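**Q** need a 3D model of the sequence below.
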Amino acid sequence: MRKNIVAGNWKMNLDLNTGIQIFNEINTLITEEVNGNQEAVVCPPFIHISAFTDAIKPGIKLSLGAQNCHQADAGAFTGEISASMLVSCGVKYVIIGHSERRQYFNETDALLAKKLDAALKNGLTPIFCVGETLEQRNSGIYFDIIREQISSAAFHLPSADFSKLVLAYEPVWAIGTGLTASPEQAQEIHGFIRKQIADKYDQNLADSISILYGGSCNPKNASELFSQPDIDGGLIGGASLKARDFVDIIKAFN
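**A** Model (predicted):
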């Protein structure tokens, strides 16, 4: 049975004091208003993580995630954070392969495969991102792009490890461009991703994997998106920086 998950990616936003304030607001609103079994995750900048750990107590419906990790366990990698370091701070999830990491930091599928290995080795749940650019969509090669991203970075995993992943579809062409992916377009890709998993492993494993939508999800469109059969939640950007908006998206499952 796959989980319904809403993960907030704060990216490089919010100083520590403001972050603590918003995190506490989200925590309070979830406790008071969310009655379902969906899981909420906040992925703040690295400097916030230790400060948030104490607020994650048994019974709290909020988990802590990170936006990235290094592929090595330790070493002379100035400015980097290892998976084991994240675990020591109470982190449960880590985003791997986000479109901005691919674009701005030149992260390849081969590198992302190593990051997935490192995250799984240390007991983290990767939120593995895939998606196509506007040029790739207009060229009609988006299915090929997404198939290649998944197969090159993740299909080396045995089924027992792959089953621990959460996937996220980012229509890069619909982020910050003024364009919007319709629920039908999003469902088409989510269904395609699930079929690739079934073809590689089996249908039972494919049906157990949570696949999140990561393209401009907000309180107004969340319910329609989450009602699609293969969309199991969202990877939320800007809306996750506003406690009210983020919790309203989480409540779209209620």
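**Q** just the strands in the stretch 101-250 of the chain please.
**A** Listed in chain order, the strands found in the stretch 101-250 of the chain under DSSP state E, counting those that start in this stretch are 125-130, 166-169, 211-213, 233-236.
**Q** go through those strands and pick out the most buried.
**A** strand 233-236 (a mean of 28; mean count of other CB atoms under 10 Å). (C-beta placed from N, C-alpha, C; glycine too.)
**Q** put the alpha carbons of it into CSV.
**A** Below are the C-alpha coordinates for strand 233-236, written out as CSV (Å, rounded to 0.1, in the frame of the first residue of the first chain):
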residue,chain,number,x,y,z
GLY,A,233,1.1,13.6,-3.3
GLY,A,234,3.3,16.6,-4.1
LEU,A,235,6.8,17.9,-3.9
ILE,A,236,6.0,21.5,-3.1
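**Q** show me what it packs onto, helices and strands only.
**A** Applying 3 or more CB pairs under 8 Å, 6 or more residues apart in numbering; DSSP states H and E, one finds that strand 233-236 makes contact with strand 5-9, strand 211-213, helix 222-226, helix 243-250.
**Q** which stretches of this structure have low pLDDT?
**A** For the chain, residues meeting the criterion pLDDT under 70 lie at 58-59, 176, 178, 254.
**Q** ok, which stretches of the stretch 51-200 of the chain are helices?
**A** 83-88, 99-104, 109-121, 134-138, 142-154, 159-162, 183-200 (DSSP state H, counting those that start in this stretch).
**Q** so what secondary structure elements neighbour the last one?
**A** Here helix 183-200 is seen to pack against helix 142-154, strand 166-169, helix 203-208, strand 211-213, helix 222-226 when contacts are counted using 3+ CB pairs under 8 Å, 6+ apart.
**Q** go again with 6 Å.
**A** helix 203-208, strand 211-213 (3 or more CB pairs under 6 Å, 6 or more residues apart in numbering; DSSP states H and E).
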